[in-house]
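[1] Structure of the sequence below:
(chains A and B)
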Amino acid sequence: MTALAVPAAVRRLVMPAWYGALVLACVYLALIPTIGTGYWVRTLTFIFMFAVLAAGWNLIGGFAGYAAFGQVGWFGMGAYSVAVAMSKWHWPFYPALALGTALPAAAALAVGLPVLRLRGHYFAIATLGIAITLRELVNNFDLTGAGSGLSTPLGPSFSYYYYLMFGAMLLAVAVTWMLRRSRLGYALLAIRENESAAATLGVNTTLAKAAAFAISAALAGLVGAIYAYWTAFIDPSTVFDLTFNVRMIVMVILGGTGTILGPVIGAFLLEGISQTLWSSFPAEHLIFFGIAVVLIVLFVPAGLSGLLLELRTLSPRLFVRNLLRYRV
Amino acid sequence: MKRLNWMIVIGMIAVMVALAAACKSSKPQPASTGTAAPATSAATSPAASFAGTVTIGASIGLTGSLAKEGKLTLDGYKFWEQWVNSHGGLKVGDKRYKVDIKYYDDQSDANQSARLMEKLITQDNVKLLLGPYGTPATLQDAVIAERYKIPMVEGNGAAEAIFNKGYKYTFGVLSPAKKYLQGVLEIAQTEKSPAAKTVAIISDNDAFSIEVADGAKAFAEANGLQVVSYEKIPQNTTDVSALITQLKGKNPDILLGSGHFNTSVLLMKTVKDLNLNAKIYGFSVGPSIPDFQKSLGSAADDVFGGTQWTADLKFQDSLFGTAKQYAAEFQKAFGYEPDYHVAESTAACEALQLAIEKAGSLDTTKIRDTLAGLDAMTFYGQIKFDSRGLNIYKPMAVEQWQKGEKVTVWPESAATTKAVYPTPPWSQR
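    From the prediction side, this is the model:
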């Protein structure tokens, strides 16, 4: 999936409008708690949360090309850090939030060094194993309330969490943007394209991968931490929900793998589609959802960002070309 | 190649049209039953005499893993709605209102449940709430009720974790989780030939089940029984043979299962296959649901189940009459015998109704305060809340399957027949 080049002329014409639209969208979103209903505030808070999870996965899955399947483990770890710190040790929220971000990052760095030596399916299975191990640890320790779950104190208003998640999403985009331009970012892209070649050229591949893995875990932990305080109750089955993994990956693919805004766009689209389908077809919506996912992977594997860049050549042939380009 | 192109284009268009159609009709179609109630209306001709409609919101899992229990909950709510509307409506002061239960399907997902509760309050302007099914969803919804100061009466979240957080707007009409298996142990205490002395407890690993198991363990120990094993099994376990084999060595007199329907069925199947012989088998959730007997056949015989309610209990009120009459009327309307999930759901509605009628107002604060001080007898038993909002005053009952029939065996005042004790070993069945 090579980065798609945009002619300079198109860039000059489109980019200002694009940035303007982004700023407007941000202002609008920032105003939602004052003009929208609680339902929308909650729905959007969820979308922001998933956007951060997707952005985190994009760093390891999209940039480095390592299909991590256990990001929800870091999410759960962040959530449980906050729940334990607040309910058992009576910490205030912000130190707990810091713990919930730092702990998954440190853990990911520690397990990443050995696990990231695996490639392909082996890596995916190992990360899934990590998530399940974390869930079972939580399930069996009294400190974490075992299967009973943990309650956190009732916090401030729901708009407070909205802004926290919104901030987390902006942070995730900023991190992705900076990473894309950093030495580390180029190292990751090199690893994705050809790891052996990158290593030969002097890239410390192990360190680069572990760093990306740790940053993605920190992002997942951050929103997990906010989530725990937001819902006031967590248990292993809700915060280690393995379907979260699938959802965040589909969001990234839908929005555009390895792009900066792709994960965010994907989160909005997927949750939007999912909520719309749900309200129209309560029983069958998962079928439509599944069909949509298959079609996306078949016809727009580079995601919507990829599709936008190729708009000028948009024709039925584009989809066929995609099919041919990504076939085995 | 050309043909392939066109097929793809047509395929894409079809999908887009489908999606567009989906978006158009995006009006959530929760479809509260509203007036579509059966035409068995009583004396009053509804539409003419009602001063207005009182809408009550609920989110219930009608699809997903809890669909079976969710359906029972919804039917319990709907039955009350139909009954009240066909019996003169809800009395507020000297006016009478039609009741309308507006509900959404939360897909058995606690997060979705909370989202829908917020939708009901902020978009549908609902001022009163009924609970979802299950402890996890109730825990999340209680936060919403508290934030918006909207009273929520629930009948399907029994874990005390819900009520220990100091919330003021959540009320549970059902007995706390820890009492579910105490009745079975009380039966064991009264039986002397031969006496049961040892207990093994197997629990699902979730908030509700653990509270049930902890309650049973504490009660057993306080009454001189020896707990020889207390094991928690992971969620969605499909094989418990190792655990049962291990238990055989300890040879417990009483085997208690504190879990959900699937676990209870799995345990009984394994116990039979591996020929573990206890004198009493008792479960929290499972035996009260008719499918328990359908899944197990004769292996369900002599199994005890703790239950919130049975139609044999000697309770009555002025709304439905006796528990028996309630069961008969429900069966007439919905075509099946109500179990305790149905009854506790109707009871939640009735508690709300009693509070509104007593308050004589639709003011949410007044209704909440009246609920807090409510003390009423219903077909379901006494409804009265402690300072946490939990009904600790209603007793529980015990049912047993006897030759393919479910009968009430405890408490004595409601027992229709004597409990079969001890359970004969598998070799003699």
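[2] Let me know how buried the residue in the stretch 51-200 of chain A that chain B sits nearest to is, in neighbour terms.
    Proximity to chain B, evaluated over the stretch 51-200 of chain A using CB to the nearest CB, is greatest for A:G147 at 3.1 Å. Just so you know, the C-beta spots here come from the backbone N, C-alpha and C atoms, and that holds for glycine as well. For A:G147, the count of nearby residues is 23 (other CB atoms under 10 Å in any protein chain shown).
[3] Against B:I392, how distant is it?
    24 Å (CB to CB, to the nearest Å).
[4] what do you get for B:Q316?
    21 Å.
[5] got it, and A:A187?
    For A:A187, the distance to B:I392 equals 62 Å [CB to CB].
[6] and B:A347, what pLDDT?
    B:A347 is assigned a predicted lDDT (pLDDT) of 97.
[7] again with A:A232
    According to the model, A:A232 carries a pLDDT of 89.
[8] so what's it up against?
    Listed by CB atoms under 8 Å, 6 or more residues apart in numbering or on different chains, the contact partners of A:A232 are A:151-155, B:139-140, B:143, B:165.
[9] With B:Q107 instead?
    A:278, A:282, B:61, B:63-64.
[10] quick revisit: what about the contacts of A:A232, which one has the most neighbours?
    For these, neighbours tallied by other CB under 10 Å; top is B:L139, 28 neighbours.
[11] Quick check: it touching B:A110?
    Yes. Taking CB atoms under 8 Å as the definition, B:L139 is a contact partner of B:A110 at 7.3 Å.
[12] could I have stretch B:382-398 exported to PDB, CA atoms only?
    Only the C-alpha atoms of stretch B:382-398 are listed here, as PDB (Å, rounded to 0.1, in the frame of the first residue of the first chain):
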ATOM      1  CA  GLN B 382     -44.200  -6.800  49.900                       C
ATOM      2  CA  ILE B 383     -42.600  -3.900  48.200                       C
ATOM      3  CA  LYS B 384     -40.600  -1.700  50.400                       C
ATOM      4  CA  PHE B 385     -37.200  -0.200  49.900                       C
ATOM      5  CA  ASP B 386     -34.300   0.100  52.300                       C
ATOM      6  CA  SER B 387     -32.300   3.300  52.400                       C
ATOM      7  CA  ARG B 388     -30.300   2.100  49.400                       C
ATOM      8  CA  GLY B 389     -33.400   1.500  47.300                       C
ATOM      9  CA  LEU B 390     -33.400  -2.300  47.500                       C
ATOM     10  CA  ASN B 391     -36.300  -4.400  48.500                       C
ATOM     11  CA  ILE B 392     -34.900  -6.500  51.300                       C
ATOM     12  CA  TYR B 393     -38.400  -7.200  52.800                       C
ATOM     13  CA  LYS B 394     -39.800  -9.700  50.300                       C
ATOM     14  CA  PRO B 395     -39.100 -13.400  50.900                       C
ATOM     15  CA  MET B 396     -37.900 -15.700  48.200                       C
ATOM     16  CA  ALA B 397     -39.300 -19.200  47.400                       C
ATOM     17  CA  VAL B 398     -37.900 -22.500  46.200                       C
END
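[13] could you give me the average pLDDT of that stretch?
    95.
[14] With stretch B:78-97 instead?
    pLDDT averaged over stretch B:78-97 gives 95.
[15] what about that stretch, distance to the chain center?
    23 Å (CA atoms, centre = their mean, to the nearest Å).
[16] same thing with stretch A:173-183?
    From the chain centre to the centre of stretch A:173-183 is a distance of 15 Å (CA atoms, centre = their mean).
[17] ok, residues contacting that stretch?
    So stretch A:173-183 is contacted by A:55, A:58-59, A:63, A:185, A:188, A:212, A:215, A:219, A:260-261, A:263-264 (CB under 8 Å, 6+ apart).
[18] Reformat these as CSV; add distance to B:D386.
    Shown next, in CSV, are these (distance: CB to CB, whole Å):
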residue, distance to B:D386
A:A55, 46
A:N58, 50
A:L59, 50
A:F63, 55
A:G185, 59
A:L188, 58
A:A212, 53
A:I215, 49
A:L219, 43
A:I260, 55
A:L261, 52
A:P263, 48
A:V264, 47
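[19] Only the buried subset of these, as a ChimeraX command please.
    The ChimeraX selection below is limited to those of those classed as buried (16 or more other CB atoms under 10 Å in any protein chain shown):
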select /A:55,58,59,63,185,188,212,215,219,260,261,263,264
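[20] Give me the subset of the contacts of stretch A:173-183 lying in strands.
    The members of the contacts of stretch A:173-183 all map outside strands under DSSP state E.
[21] Distance to chain B and pLDDT for the contacts of stretch A:173-183 - can I get that in a markdown table?
    As requested, those are arranged in a markdown table below (distance: CB to the nearest CB, whole Å; pLDDT from 0 to 100):
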| residue | distance to chain B | pLDDT |
| --- | --- | --- |
| A:A55 | 20 | 97 |
| A:N58 | 23 | 95 |
| A:L59 | 25 | 95 |
| A:F63 | 29 | 93 |
| A:G185 | 33 | 94 |
| A:L188 | 32 | 94 |
| A:A212 | 29 | 95 |
| A:I215 | 26 | 97 |
| A:L219 | 20 | 97 |
| A:I260 | 26 | 91 |
| A:L261 | 22 | 91 |
| A:P263 | 20 | 94 |
| A:V264 | 20 | 94 |
